[in-house]
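S.K.: Fold the following.
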Amino acid sequence: MNKSIKIVLITLLFSFTVLYAEHTHHNNCNHQELSGAISSEAVQKIAIDEVKRLAQHKKIAKSWKSVPVFQVGRTHYGDNDDWIVVFENSKIKKKSRKKLYIFVSKLGQIRGANYTGM
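M.R.: Now for the predicted structure:
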């Protein structure tokens, strides 16, 4: 009887240790994904691809396709901390449309694009 109790206790102890380790690993993975923002370089590539896509679908002028990144920064809107990538197109005559703002989440998803930056 005494030996059976020891075996059960040791088995429970090992089971708890394995479950706890898996839970800790799982939480750390999710935490890294959520708290670790992607790099500025990755954000720029995502934004450049989005500008090309918008131009290809005729949402913006074709001249935007060749415009380099003008500025990269961070913005906070509501509960979200996002990247903002700014393009400035000297070929556009209308002053209010010379700058194009692409918003990218810290996980690399396009949040939107506009000419106001808001």
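S.K.: Could I get the phi/psi values of Gln109?
M.R.: phi -100, psi 140 (degrees, to the nearest 10).
S.K.: what pLDDT does it get?
M.R.: Looking at Gln109, its pLDDT is 94.
S.K.: Any figure for the gap between it and Tyr115?
M.R.: 21 Å (CB to CB, to the nearest Å). Yep, even glycine has a C-beta here, placed from its N, CA and C like the rest.
S.K.: neighbour-wise, which of those two wins?
M.R.: Tyr115 (14 against 11; other CB atoms under 10 Å).
S.K.: show me what contacts that one?
M.R.: 96-97, 99-101 (CB atoms under 8 Å, 6 or more residues apart in numbering).
S.K.: can you do 7 Å?
M.R.: Contacts of Tyr115 were listed using CB atoms under 7 Å, 6 or more residues apart in numbering, and they are 96-97, 99-100.
S.K.: Buried residues in stretch 57-67, which are they?
M.R.: 60, 64, 67 (16 or more other CB atoms under 10 Å).
S.K.: again, but for stretch 103-118
M.R.: Result for stretch 103-118 [16+ other CB under 10 Å]: buried residues 103-106, 113.
S.K.: can you tell me which of the residues you listed are in strands?
M.R.: Counted as lying in strands by DSSP state E, out of these, are 103-105, 113.
S.K.: Could you export the residues you listed as CSV, including pLDDT and distance to Val72?
M.R.: CSV is the format used below for these (pLDDT from 0 to 100; distance: CB to CB, whole Å):
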residue, pLDDT, distance to Val72
Phe103, 95, 12
Val104, 95, 10
Ser105, 93, 14
Ala113, 95, 15
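S.K.: Just the buried subset of the contacts of Tyr115, please.
M.R.: 99-100.
S.K.: In CSV, list the contacts of Tyr115 along with secondary structure and pLDDT.
M.R.: Output for these, formatted as CSV (DSSP: H, G, I helix; E, B strand; the rest coil; pLDDT from 0 to 100):
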residue, secondary structure, pLDDT
Ser96, helix, 93
Arg97, helix, 94
Lys99, strand, 96
Leu100, strand, 97
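S.K.: Which residue ranges make up each domain of this protein?
M.R.: 1-36, 40-114 (automatic domain parsing).
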